[in-house]
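>>> I would like to see how this sequence folds:
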Amino acid sequence: MPRPRICRRVGFRPGVTYYKPAGIRMAELEESILRVEELEAVRLKDLEGMEQEEAAKKMGISQPTFHRLLLSSRRKIADALVNGKAIRVEGGSYRFAGCGRRRGWGASSLRQSNIRR
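Purely as a prediction, here's the structure:
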C-alpha cells in the first residue's frame, strides 16, 4: 500500500479555476489539470518571488517536494500554452493555511460557477 500523501498548505483560494484559449470551442479543447497545490507553488515562486526553501516551509513540505510540484506545474502550463489546451485548476491534497483540512474541491462548488461552456 502506498504512503498517504501529506496535505500541503495553500495560502489563497483561486477566484478563477478555468482558463482557455480564445477562439476555440470548448468541445474541441483538450485540458491540462493543474492541482491547487501546483498553482500555489507557482504563485509563491514565480509571482511572490520566494526562494524554494522559504516557499516549501510556507507550504509545509520539503524543498525537493516543492521543486517537483513546481516542475510539474510549469510543465502543465507550458504544454497548455504551446499546444492550445485549456487549464483547469482542481483537486489535489491540500488544506488552506489556518483552516481545517480539505482534499480537493467538490464538482458543484467552484467548477459550475467559473466555467462558461
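>>> for Ser62, phi and psi?
Dihedral pair for Ser62: phi -80, psi 160, per degrees, to the nearest 10.
>>> for it, give me its contacts.
Going by C-beta atoms under 8 Å, 6 or more residues apart in numbering, Ser62 touches Ala56. In this view, the C-beta of every residue, glycine as well, is placed from N, C-alpha and C.
>>> would you mark the buried spots in the helix or strand harbouring Leu71?
Assigned by DSSP states H and E, Leu71 belongs to helix 63-83. Residues Thr65, Phe66, His67, Leu69, Leu70, Ser72, Ser73, Lys76, Ile77, Ala80 are the ones in helix 63-83 that count as buried (16 or more other C-beta atoms under 10 Å).
>>> and it, what other elements does it pack with?
Here helix 63-83 touches strand 31-34, helix 36-42, helix 52-59, strand 86-89, going by 3 or more C-beta pairs under 8 Å, 6 or more residues apart in numbering; DSSP states H and E.
>>> rewinding a little: any chance of a markdown table for the buried residues of helix 63-83, columns pLDDT and distance to Phe12?
Formatted as a markdown table, the buried residues of helix 63-83 follow (pLDDT from 0 to 100; distance: C-beta to C-beta, whole Å):
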| residue | pLDDT | distance to Phe12 |
| --- | --- | --- |
| Thr65 | 92 | 19 |
| Phe66 | 95 | 16 |
| His67 | 96 | 21 |
| Leu69 | 94 | 15 |
| Leu70 | 96 | 17 |
| Ser72 | 96 | 19 |
| Ser73 | 97 | 15 |
| Lys76 | 97 | 19 |
| Ile77 | 97 | 17 |
| Ala80 | 96 | 21 |
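>>> and the contacts of the helix holding Leu71?
With C-beta under 8 Å, 6+ apart as the criterion, helix 63-83 contacts 8, 19, 30, 32-35, 37-39, 41-42, 45, 52-53, 55-56, 59, 61, 85-87.
>>> cool, and stretch 2-12?
If you take C-beta under 8 Å, 6+ apart as the criterion, stretch 2-12 is touched by 36-37, 40, 43-44, 58-61, 69, 92-97, 101, 103.
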